[in-house]
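>>> The sequence and its predicted three-dimensional model are supplied below.
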Amino acid sequence: MARYQVTLAYDGTRFYGFQRQTARRTVQGVVEEALRELGWQEASILAAGRTDTGVHASGQVIAFDLDWAHGAETLQKALNARLPDDVSALDVRAAHASFHPRYDARSRTYRYRLFCAPVRHPLRERYAWRVWPPVELPLLQKGADYLPGKHDFAAFGRSPVDGGSTTRRIFEAAWSAEGPYLTFTLRGDAFLYRMVRRTVSLLVRIGQGSLPPATVQRRLAPPHEPVQGLAPARGLTLVHVAYASEGAET
């Protein structure tokens, strides 16, 4: 019996999030179903985080124990042969017996992509949010500049654990232009439920000139007035989970 660490990519469009649910298609559900075909007998896989309905991933990390005698490369091929087309094991490797993808993570990186257009664009909108009126990149960044550091993000989301802390540390919050898209990269030690999507929603209103950039600073201070609005899930992707072996920030 050995523990394996797997990096997953998935298109979240047809999933009701990551976490297993009764009678609903989830990423965890299809991965566990594939593993059972390979002799896996545990109750649940471990994961770095739980993405919402419609959210994508290119760097989700899971772990599980499996009695497998054929090596990690063969396990990757066997797993991918059993997974549906919208999920893939990008990397499979043996891990330390105590490895936990959530508790051992030093940082997580999300990216949100949007584009500005007055009419819908079917080929872009599966993985991006169409915004109109247009936003200004300098205003987006001015709002984002308040995010790095250790703050109480109670206005931006709730803890995944009842009564848990809402304080999080952000290492990077940067907007960039990539062709027709504007991409927001947010890297932190951990995130609250829907924190990234509420942050993007607020920054878009700032980018459109509806709110001043300092609104972010005010939401980070008491009384933590809740941020209204939620950016669509389709623009969000979990792109990387970093661990100590990578020299991640602590």
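In hand now; what should we look at?
>>> Spell out the residue ranges of the strands in the protein.
Assigned strands in the chain, in chain order: 2-10, 46-47, 56-66, 87-95, 105-116, 129-131, 149-152, 167-178, 181-188, 236-243 (criterion: DSSP state E).
>>> Let me see the domain layout of the chain.
Domain ranges of the chain: 2-95, 106-244, per automatic domain parsing.
>>> Rebuild these as a markdown table, extending it with mean neighbour count and mean pLDDT.
C-beta: built from backbone N, CA, C; applies to glycine. Shown next, in a markdown table, are the domains of the chain (neighbours: other C-beta atoms under 10 Å; pLDDT from 0 to 100):
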| stretch | mean neighbour count | mean pLDDT |
| --- | --- | --- |
| domain 2-95 | 17 | 97 |
| domain 106-244 | 17 | 97 |
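>>> picking that back up, would you tell me which of the strands of the chain gets closest to K77?
strand 87-95 (9.0 Å; C-beta to C-beta).
>>> Just want the angle from the closest one to strand 2-10.
With axes from the mean of the first three to the mean of the last three C-alpha atoms, to 10 degrees applied, the angle from strand 87-95 to strand 2-10 works out at 150 degrees.
>>> Each with direction, which strands does strand 87-95 pair with?
For strand 87-95, the paired strands and their directions (DSSP bridges) read strand 2-10 (antiparallel).
>>> what distance separates the strand it pairs with from the centre of its chain?
16 Å (C-alpha atoms, centre = their mean, to the nearest Å).
>>> List the contacts of that strand.
27, 31, 56-68, 72, 75-76, 79, 86-97, 99, 101 (C-beta atoms under 8 Å, 6 or more residues apart in numbering).
>>> ok, V30 - contacts?
With C-beta under 8 Å, 6+ apart, V30 has these contacts: 83-84, 87.
>>> ok, back up a step: can you put the strands of the chain in TSV and add distance to R197?
Formatted as TSV, the strands of the chain follow (distance: least, C-beta to C-beta, whole Å):
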stretch	distance to R197
strand 2-10	18
strand 46-47	19
strand 56-66	13
strand 87-95	22
strand 105-116	8
strand 129-131	10
strand 149-152	17
strand 167-178	14
strand 181-188	11
strand 236-243	6
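>>> Quick check: which of these is nearest to R36?
Going by C-beta to C-beta, the one of the strands of the chain nearest R36 is strand 56-66, 10.5 Å.
>>> ok, for H96, nearest residue in space, not its chain neighbours?
R3 (6.9 Å; C-beta to C-beta, 6 or more residues apart in numbering).
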